[in-house]
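Q: The sequence and its predicted three-dimensional model are supplied below.
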Amino acid sequence: MKSWLWVLLGFVLCFAMFWVSVFWVYGVETRHSNRTGIWWPERGRNLIPPDATDIRLQRDVLDHYACYSIDEKDLVAFLSQRFATDDGGFDVDFARVPVDEKIIGGRIGRLNFLITETTVLYACHASNGGMHRFYHDPATDKTFQSSAYW
């Protein structure tokens with residue numbers, strides 16, 4: 001076989017392996033019983049509350065999506081600690097707002113989270129400019145998280 005065919009075959013195989021790897025890391029939903037089972041780098045893992053259980057995750061290049069179970073008081077405690085400013089100025093209760101009534105009854109995000117009448121939104125901004133949205137349903141203790149970071 002001619003050498004240029006070997007080069008072409010090698011290129012095609014490398015290209016295919018690259019995209020399979022990207023899909024495996026960024027396009028697959030993973031499930032975890034708790035946060036300790038998440039194999040991601042600390043930067044993404046530490047955005048999941050330590051008390052979260054029954055975790056479903058999808059990762060993208062600069063963000064991730066998660067659904068999990070957590071009591072609202074545990075979620076608020078995590079957000080208050082995780083997103084506090086150096087002077088202690090961030091108050092999570094201030095960020096708790098009802099969801100837009102236009103989306104009630106609909107599903108949001110890549111994990112298809114159902115928005116109910118009791119769902120509330122916690123919108124948090126990280127010091128590096130990242131945006132994190134936590135849609136929490138206190139009636140079911142289910143949370144959908146959309147985190148964008150860099």
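A: Arrived safely. Every value quoted in this text rests on a predicted model; they were computed, and no experiment measured them. Residues are numbered from 1 along each chain as shown.
Q: what residue is smack in the middle of this structure?
A: Central residue check for the chain by Cα atoms, centre = their mean: the C-alpha nearest the mean position is that of residue 65, 2.8 Å away.
Q: How about residues contacting the helix or strand encompassing that residue?
A: Residue 65 is located in strand 63-69, with elements delineated by DSSP states H and E. Residues lying outside strand 63-69 but in contact with it, judged by Cβ atoms under 8 Å, 6 or more residues apart in numbering, are 40, 44, 47-49, 52-59, 109-111, 113, 141-149. No exception for glycine: its C-beta is placed from N, CA and C like everyone else's.
Q: Give me the buried positions along it.
A: By neighbour count on 16 or more other Cβ atoms under 10 Å, the buried set for strand 63-69 is 63-68.
Q: ok, those vs residue 105, which is closest?
A: Checking these against residue 105 by Cβ to Cβ gives residue 67 as the nearest, at 17.5 Å.
Q: any idea how far the closest one is from residue 8?
A: Summarising the geometry, the distance separating residue 67 from residue 8, computed by Cβ to Cβ, to the nearest Å, is 43 Å.
Q: So of the buried residues of strand 63-69, which two are at opposite extremes in space?
A: 63 and 68 (16.2 Å).
Q: Next, residue 102: phi, psi?
A: Here the main-chain torsion angles of residue 102 (degrees, to the nearest 10) amount to phi -70, psi -20.
Q: Could you measure from it over to residue 138?
A: Remark: distance between residue 102 and residue 138 (Cβ to Cβ) = 20 Å.
Q: neighbour count winner among these two?
A: With other Cβ atoms under 10 Å as the criterion, residue 102 and residue 138 differ in neighbour count, and residue 138 comes out ahead with 15 against 8.
Q: Where do the strands of the protein begin and end?
A: Taking DSSP state E as the test, the strands found in the chain are 30-34, 53-59, 63-69, 96-98, 107-108, 113-114, 120-125, 131-137, 142-148.
Q: so which of these gets nearest residue 86?
A: Once those are compared by Cβ to Cβ, strand 120-125 is nearest, at 14.4 Å.
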